[in-house]
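Participant: coordinates only, sequence not included:
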């Protein structure tokens with residue numbers, strides 16, 4: 001980001017998907033006081049907690065971030081984004097849920113109802129039955 005920041009006359013900078021990963025690199029954007037629109041979507045740095053706060057510190061006059069209008073209050077924008085980040089980080093990742101369903105289907109195929117294991121036992125947390133069935137089959 002150091003090299004890009006030398007173009008202090010830029011008003012729009014779109015670096016979507018460029019593998020910017022370190023929040024410390026954002027400090028170089030301070031050298032771009034005319035920057036009104038910044039897009040860093042699909043960069044690892046955009047998934048870090050200090051991302052929005054750091055952008056606000058180095059570019060307080062920014063009008064658009066990651067294709068979203070900031071509005072009248074950058075503070076309010078940052079607060080909403082941080083709440084959204086916390087909420088999303090607390091939710092299970094979709095791919096994990098898909099992996100669980102796939103694994104569960106495979107387990108159910110192997111441990112059929114004939115050995116006393118079905119979806120309700122696993123989903124309701126009857127681990128004793130699950131463990132004993134696994135041990136019996138192994």
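Facilitator: Yep, that arrived. No experiment lies behind these values; they were computed from the predicted model shown. Numbering: from 1, shown residues only.

Participant: Tell me where the model's unsure across the protein.
Facilitator: 1-2, 5, 93-100, 104, 107-138 (pLDDT under 70).

Participant: Mind splitting it into its structural domains?
Facilitator: As recorded under automatic domain parsing, the domains making up the chain are 4-90, 94-137.

Participant: And residue 86, how far from residue 76?
Facilitator: 16 Å (Cβ to Cβ, to the nearest Å). Just so you know, the C-beta spots here come from the backbone N, C-alpha and C atoms, and that holds for glycine as well.

Participant: So what does residue 72 look like in phi/psi?
Facilitator: The phi and psi torsions at residue 72 (degrees, to the nearest 10) take the values phi -70, psi -30.

Participant: now swap in residue 25 and tell me
Facilitator: phi -70, psi -20.

Participant: residue ranges for the strands of the chain, please.
Facilitator: 12-14, 37-39, 64-65, 68-69 (DSSP state E).

Participant: So for residue 22, which of the ones you listed sits nearest?
Facilitator: strand 37-39 (16.1 Å; Cβ to Cβ).

Participant: contacting residues around stretch 69-76?
Facilitator: 56, 60, 62-64, 77 (Cβ atoms under 8 Å, 6 or more residues apart in numbering).

Participant: so where do the helices sit in this protein?
Facilitator: Assigned by DSSP state H, the helices in the chain fall at 51-58, 74-90, 94-110, 119-123, 127-137.

Participant: Report the separation between residue 48 and residue 21.
Facilitator: On the measure of Cβ to Cβ, residue 48 and residue 21 end up 9 Å apart.

Participant: These two: which has the busier surroundings?
Facilitator: residue 48 (15 against 12; other Cβ atoms under 10 Å).

Participant: Not counting its neighbours along the chain, what's nearest residue 68?
Facilitator: residue 77 (8.0 Å; Cβ to Cβ, 6 or more residues apart in numbering).

Participant: mind listing what that neighbour touches?
Facilitator: Contacts of residue 77 by Cβ under 8 Å, 6+ apart are 52, 56, 65, 68, 70-71.

Participant: follow-up on the earlier one: okay, the strands of the chain in CSV with mean neighbour count and distance to residue 3 next?
Facilitator: Formatted as CSV, those follow (neighbours: other Cβ atoms under 10 Å; distance: least, Cβ to Cβ, whole Å):
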stretch, mean neighbour count, distance to residue 3
strand 12-14, 14, 12
strand 37-39, 20, 16
strand 64-65, 19, 21
strand 68-69, 11, 26
